[in-house]
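1. Got a predicted structure plus its sequence, pasted below:
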Amino acid sequence: MNSILLEVIGTTVQEVKEAALYGADRIELITAFSEGGLTPSLGLIEEAVASVSIPVNVMVRPHSRSFVYDKDDQATILRDIRLIRKTGANAIVFGALTPEGKVDAELLERVLDAAGEIPLTFHRAIDQSSDLLQALNVLLAYPQVTTVLTSGGEPSALQGLACIQAMIQAAGSSLEILAGSGLTAETVVDFVRKAGVKQVHFGSNVRIGGHSLAPIDPERLRALRSSLNTITV
């Protein structure tokens, strides 16, 4: 039996190395943490991938204004993805909505085509969709979408527990629900057991003082890893 998969946000090569050293199973590489994460530079992606043996998933998000993208945004997104394919990144982290709050399936299909063999995690754009389960149902039609990062439509995954449970049931074995936002080493074990998730995502709460722009805190990350190791799936 395996323990719960732990994904940790990294914004620098040093953070990526530390996350891997102190217990992360996978990295979500971003820049602009305080804006919810934007596309990192190509140089950072290449250096991060080369620096660790664990998978590095790369955020593709050209700006933080919304998850609705115009033609120029879309051209940038597709160009970034074609470049990221060559870096050895494990997966693309992406999400897009229509003005009506539905999954932008047309853009998603173009993104998946640009990604080629690389899988995709649909990020917390889903939490801003008009209907999370309807959005999930759309994503289930695309086998290349292997993971959905969500807080269950709430500011914290703890508050979104019931929705996350429903999403896991709806997803079955087709994709993984990755729970993130508001979880701590103290709350995660009870949450995981209630929700039934197999993967969790941490950012601020493995950093000094719980601040997004602070360095990774080795003690916090070690404590989290130890807590997760008490659960097997």
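-> Thanks, I have the structure now.

2. When you work out contacts or count neighbours from here on, use the C-alpha atoms and nothing else.
-> Noted.

3. what's the biggest helix by length in the chain packed up against?
-> Secondary structure of the chain read by DSSP state H shows that its longest helix is helix 71-84. Where contact means 3 or more CA pairs under 8 Å, 6 or more residues apart in numbering; DSSP states H and E, helix 71-84 is packed against helix 42-51, helix 105-115.

4. In JSON lines: these, plus distance to Ala91.
-> Below are the helices and strands packed on helix 71-84 laid out as JSON lines (distance: least, CA to CA, whole Å):
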{"stretch": "helix 42-51", "distance to Ala91": "11"}
{"stretch": "helix 105-115", "distance to Ala91": "9"}
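
5. and of these, who's closest to Ala157?
-> Set against Ala157 and scored by CA to CA, the helices and strands packed on helix 71-84 come closest in helix 105-115, at 24.8 Å.

6. buried set for whichever strand or helix holds Ser226?
-> Taking DSSP states H and E as the criterion, Ser226 maps to helix 218-228. Residues of helix 218-228 classed as buried under the neighbour-count rule (16 or more other CA atoms under 10 Å) are Pro218, Arg220, Leu221, Arg222, Ala223, Leu224, Arg225, Ser227, Leu228.

7. now do stretch 93-103
-> Per 16+ other CA under 10 Å, stretch 93-103 contains these buried residues: Val93, Phe94, Gly95, Ala96, Leu97, Gly101, Lys102, Val103.

8. Which element, helix or strand, includes Asn57?
-> Going by DSSP H and E, Asn57 is in strand 56-59.

9. partners of that strand in the sheet?
-> Here strand 56-59 is paired, per DSSP bridges, with strand 26-29 (parallel), strand 91-94 (parallel).

10. Quick one: distance of that strand to the chain centre.
-> 8 Å (CA atoms, centre = their mean, to the nearest Å).

11. Quick one: mean pLDDT over that strand.
-> The average pLDDT for strand 56-59 rounds to 98.

12. residue contacts, Ala214?
-> Contact analysis of Ala214 by CA atoms under 8 Å, 6 or more residues apart in numbering lists Arg207, Ile208.
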